[in-house]
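Undergrad: Below is the sequence, then the predicted model.
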Amino acid sequence: MGSSATNQQKIVITGVGAITCMGLDAPSAWAAMRDGVSGITPLEGELFAKYEGQWSAHVAGQVKDWNAGDHLDPREAKRLDRSAQFGMAAVDQAVKMAGIDFSAMEPERAGVAFGTGVGGISTIEDGHSILLERGPKRLGPLTVPKLMVNATAGNVSISYGLRGPATAMATACASSGNAIGEALETMRRGRTDVMIAGGTEAAITPLCVGAFQAMKALSGNKEPTKASRPFDADRDGFVLAEGAAAFVLETEAHARARGATILAELAGWAASADAYHITAPDEAGRGARQAMTWALEDAGLKPQDIGYINAHGTSTPLGDSAEVAAVLEVFGDHARKSKGGTLLMSSTKSVHGHALGASGAVELIGCIHALREGLVPPTINLDNPEGHFDIDLVPNEVRKAPIRYAMNNTFGFGGHNVSLIAGRYDG
């Protein structure tokens, strides 16, 4: 977990970028979250068609109209797996928004921390097919650098000449939250002034969809815009998605010295483990509870200081219930609608699905805009909430609510839990 933020300088966010099923930039992602416009579409692809009739999952959050050469140097794009293409494109957007010139600073004072759950899975699947059909001598020389989990982190470091720490996090669906937290920690230690952080995923492949399907983790709903329904009594599993989101983090002093526009403060974070089961969450939410509690301590905040939680909220029966139980335990009457609690919690996965290791980064975009605009994105498809979910889950429509701090939860297979806290920056 993080260490106490007391007497430490602020870490702020100055740039944001995104590639998602909601659009190919961060403004598109936020607009869809805010307006409750689903990016989920029918599952498409040649290999999915090949096994027609064998899929119980029918929809996904697929990135549409993707041509990597439109976002990256076409020659470099060919050297990257789809997951790293997404990550690099999101980073490019974030760096441009931040207006930062890395050549004007000491290269050792800037680094990168990027997360992914499965990395270059398309490259792995393609390579395996080549091996079986044509033999090992037909494998390409770029197979390893394309499939590596650290491919995005390494390529970002090389592309921008960043000689500070370059770290890849792989903690399943908590990966990007973990990466952002570790970036924060690196800056707190005084090692760097700037970090690029975020996450990427491109796991809508036959192997991944088939494997999640075998676990009975995916929704079987055939209606794309209705399939992802966190906290709803009729939810039946998550909707797999892909995409990336990236952020430029700076010390407040560094950002102010160069006249940067500061979007939000990254106020605290924490990580914990369930130590319970390799895929199922602790039903009592003990690990999630610990991460949220430690994150509040790390940020120097009380539960009532949090106005909004962007929930992990995947739309699985067990996961949603465990998270609600943990939130009610940590936030008490501040969270309980029946007690007049004012805490708002929603799951934007209802709009964009579950992008695994990229999910926390994508959802942090919603937190930042909620803080800046005083608008809390809704949980769409929440037509029949579970009766014991005694929290205002912002059903179906955006809510006006000036908030000072927002929490972002990401939990992953293996029992990984990460909570981030972002704060409105008032200068």
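TA: Received it, and whenever you're ready, just let me know what you need.
Undergrad: can you tell me which residues contact residue 200?
TA: Counting by CB atoms under 8 Å, 6 or more residues apart in numbering, residue 200 makes contact with 83-84, 86-87, 90, 114-116, 152, 176, 243-244, 357-358. Just so you know, the C-beta spots here come from the backbone N, C-alpha and C atoms, and that holds for glycine as well.
Undergrad: That one in helix, strand or coil?
TA: Classification of residue 200 by DSSP: H, G, I helix; E, B strand; the rest coil places it in strand.
Undergrad: partner residues bridging it?
TA: Taking DSSP bridges as the rule, residue 200 bridges to residue 244.
Undergrad: Over to residue 345?
TA: Bridge pairing for residue 345 (DSSP bridges) gives the partners residue 309.
Undergrad: again, but for residue 423
TA: When assigned by DSSP bridges, residue 423 has beta-bridge partners residue 265, residue 405.
Undergrad: Give the phi and psi angles for residue 399, as a check.
TA: Torsion angles at residue 399 (phi, psi; degrees, to the nearest 10) stand at phi -120, psi 130.
Undergrad: List the residues that contact the closest residue to it other than its chain neighbours.
TA: Closest residue in space to residue 399, ignoring its immediate chain neighbours: residue 376 at 4.4 Å, by CB to CB, 6 or more residues apart in numbering. If a contact means CB under 8 Å, 6+ apart, then residue 376 has 308, 344, 346, 370, 394, 398, 399, 400, 401, 403 as its contacts.
Undergrad: Okay, buried residues for the lowest-mean-pLDDT helix or strand in the chain please.
TA: Lowest mean confidence among the helices and strands of the chain (mean pLDDT, DSSP states H and E): helix 46-50, at a mean of 85. By neighbour count on 16 or more other CB atoms under 10 Å, the buried set for helix 46-50 is residue 48.
Undergrad: Pull the number of nearby residues for residue 332.
TA: Look at residue 332: counted by other CB atoms under 10 Å, it has 14 neighbours.
Undergrad: Help me confirm that it is found in a helix?
TA: Yes. Under three-state DSSP, residue 332 sits within a helix.
Undergrad: That one contacts residue 306, correct?
TA: No. Counting by CB atoms under 8 Å, residue 332 stays clear of residue 306, with 11.8 Å between them.
Undergrad: any shared contact partners between these two?
TA: In contact with both residue 332 and residue 306: no residue, using CB under 8 Å, 6+ apart.
Undergrad: ok now the helix or strand containing residue 186, how far from the chain's centre?
TA: Per DSSP states H and E, residue 186 falls inside helix 175-188. A distance of 13 Å separates the centroid of the chain from that of helix 175-188, by CA atoms, centre = their mean, to the nearest Å.
Undergrad: for stretch 305-315, same thing?
TA: The answer for stretch 305-315 is 13 Å, by CA atoms, centre = their mean.
Undergrad: Equivalent analysis for stretch 311-318, please.
TA: With CA atoms, centre = their mean as the basis, the mean position of stretch 311-318 lies at 14 Å from the chain mean.
Undergrad: swap in stretch 254-267?
TA: Put simply, stretch 254-267 sits 22 Å off its chain's centre (CA atoms, centre = their mean).
Undergrad: Let me know the average pLDDT across the lengthiest helix in the chain.
TA: As assigned by DSSP state H, the longest helix anywhere in the chain is helix 82-98. Averaged across helix 82-98, the pLDDT comes to 98.
Undergrad: So which elements touch the helix or strand following it?
TA: Proceeding N to C from helix 82-98, the next assigned helix or strand is strand 110-115, under DSSP H and E. Counting contacts by 3 or more CB pairs under 8 Å, 6 or more residues apart in numbering; DSSP states H and E, strand 110-115 packs against helix 151-160, strand 166-169, helix 175-188, strand 194-201.
Undergrad: Break the chain into its domains for me.
TA: Annotated domains of the chain cover 12-257, 269-423 [automatic domain parsing].
Undergrad: first vs last residue of the last one, how far apart are they?
TA: What that stands for is domain 269-423. Counting by CA to CA, to the nearest Å, you get 12 Å between the two ends of domain 269-423.
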